[in-house]
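**Q** What follows is a predicted structure for the sequence shown.
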Amino acid sequence: MSTRETILRATLKVIGEQGVAGLTNRRIVADAGVSLGTLTYHFPSQTELLRQAMLLFAAEETAKLTAVAEAHRAEDLSLEEAAALVQQVIEQLPFGTDEIAPHELFLQAGRDPELRDATQRCFAAYDELALTVLRALNVPSPERLAAPVVALIAGLQLRRLATGTQHTPAAESLMMLVRGAMS
C-alpha cells in the first residue's frame, strides 16, 4: 500500500471513530505511521484530504458492488431475487466505524462545496449500479427510479447505523418501490 493510500485509510478510520470534527493532523499521522511533513506533502489541505478519502471510498465501493452485480447479471433474477440479493449485500456491510465514515463525509460535503464533486461521483456510481440492476429487471424508465432506489438504500443504512437495528428489511422496501413504479 502506498504512503498516500495509508494516509487516506487512516483518515477514513479517524473520521469513522471521531467524525470530521475529530480529524486532526496529529491523529492522522499517528494512525498512518507517517510524519507530519509526509501528510502535508501529499495533502496540502484538509479539504483535499477529505476529497481524496471520499474518492477512495467511492472507487472501492463501486468496484465491490459492481462485482456483485456482474456476478448475478446473467442469472435473469426476478424482482424478489434481486431484492433478496440487495438485502444480503446490505447485511454483509460492516456495521461500525467503517460504515460511519462515508456518511460523515457526505454530511461534510453539505458544509463544504469543494467536496461535492467527490460525493457527486460517489452517488453517480451508486446510481449507475442501480440503473444496471433496474435494466436487468426490465423496469420501465429505469433512469427515473435509480436515484430513489439509492436514496432508499442509503436511508435504510443510515437508520440502521443510527438505531443499531434494522426496522424494515431493504428487500421489502425495494420491492414496494419498484412495484409502485411499475404500476
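**A** That came through, no problem.
**Q** Looks like Ala125 contacts Ala58 (just checking).
**A** Yes. Ala125 lies in contact with Ala58 (C-beta atoms under 8 Å); the separation is 5.8 Å. (C-beta placed from N, C-alpha, C; glycine too.)
**Q** Pull out the buried positions in the helix-or-strand element of the chain with minimal mean pLDDT.
**A** Ranked by mean pLDDT, DSSP states H and E, the weakest helix or strand in the chain is helix 79-92, scoring a mean of 74. By 16 or more other C-beta atoms under 10 Å, the buried positions in helix 79-92 come out as 79, 82-87, 90.
**Q** Isn't Pro140 up against Met182?
**A** Yes. Counting by C-beta under 8 Å, Pro140 does reach Met182; the two are 6.4 Å apart.
**Q** which of those two has more neighbours?
**A** Met182 (13 against 9; other C-beta atoms under 10 Å).
**Q** residue contacts, the more buried one?
**A** Contacts here follow C-beta atoms under 8 Å, 6 or more residues apart in numbering; on that basis Met182 touches 139-140.
**Q** mind running it again at 10 Å?
**A** Contact analysis of Met182 by C-beta atoms under 10 Å, 6 or more residues apart in numbering lists 79, 137-141, 145.
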